[in-house]
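> sharing a model that was predicted from the sequence below.
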Amino acid sequence: MRTVALLPVKSFGMAKQRLGHAFPDRPALAAAMVADVLEALAAVPSLDGVIVVTAEPIAADIAGRMAARVVHDPEESGQSDAAARGIAAALEDGAQRVLLVPGDCPALDPEEVEALLARTAPVVIVPDRHGTGTNALLLSPPDVMTPAFGEGSFERHSRLARTAGTEPEVADVRTLGLDVDTPDDFAALKRALATFPGGAVRTRALLDEAVAA
Ligand SMILES: Nc1nc2c(ncn2[C@@H]2O[C@H](COP(=O)(O)OP(=O)(O)OP(=O)(O)O)[C@@H](O)[C@H]2O)c(=O)[nH]1
Ligand SMILES: C=C(OP(=O)(O)O)C(=O)O
């Protein structure tokens, strides 16, 4: 089943507002995290392609160097609209399934993603670590339902799946749950990177630089 990962990426100058002063250089962190996510996705055997939806030239350059297709996002009107652009592009590419992931989960483990792709339900929701948001959506077909990210999106996506006539499956994926939005998320990521070796090469390097500075 042709499966494409979709990665919406907001312009780095605007990204990670909720992180506040937890990390000095938010654009650099956003760029490192996106590159680490793309490297992890490239190592997932069951993915047939990756589409990055962005207006950020640096993200587009990173994507191009990692063999991902870039879809421009002129409006930057939110993750859901960007996801919809990606779904349309994936359908054009003949995708039968899409995996929507955020660009801020740098510890993403390719083996965990591969295991997630073994699921066959039309809608699989990966909740955030609080259980109220959505860190990933596996949709088959890609337009089985319309993503509606944002606060409370876990319940909303569950409801949308049922409205589309299918009972959503819920999958807990540890490294997809390590998305970085708030200072607490950032602290949780640093603890996870200290505990689990491997992955997040660029994000680790940036964090080490910040500590050394
Ligand atoms: N292309 C695109 N991606 C977006 C947009 N808004 C959010 N994203 C991406 O969607 C994913 C989740 O985004 P959020 O964590 O909600 O937004 P953020 O900018 O990373 O963080 P905040 O500034 O705290 O909201 C990240 O990969 C973002 O880059 C948008 O308008 N356009
Ligand atoms: C986008 C979501 O949350 P966040 O903006 O915190 O990543 C979500 O949970 O749907």
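Yes, it's here. Numbers count the residues shown, from 1 in each chain. Ligands and ions are numbered 1, 2, ... in the order given.

> list of residues touching stretch 58-76?
Applying Cβ atoms under 8 Å, 6 or more residues apart in numbering, the contact partners of stretch 58-76 are 7-12, 14, 31, 34-35, 38-39, 41-42, 49-55, 81-82, 85-86, 89, 93, 103. For the C-beta atoms, the positions are set from N, CA and C on the backbone; glycine is no exception.

> can you check stretch 11-24 too?
26-27, 29-31, 54-56, 58-59, 76, 104, 180-183, 186-187, 210.

> so which of those residues are also by ligand 2?
Counting by Cβ under 6 Å from any ligand atom, Asp181 from the contacts of stretch 11-24 sit close to ligand 2.

> out of the contacts of stretch 11-24, which end up buried?
26, 29-31, 54-56, 58-59, 76, 104, 180, 186 (16 or more other Cβ atoms under 10 Å).

> need the contact list for the residue in the chain positioned nearest to ligand 2.
For the chain, the nearest residue to ligand 2 under the criterion Cβ to the nearest ligand atom is Gly133, separated by 2.4 Å. By Cβ under 8 Å, 6+ apart, Gly133 lies in contact with 127, 149, 151-154.

> can you check Ala43 too?
Residues near Ala43 by Cβ under 8 Å, 6+ apart: Pro110.

> phi first, then psi, for it.
phi -100, psi 10 (degrees, to the nearest 10).
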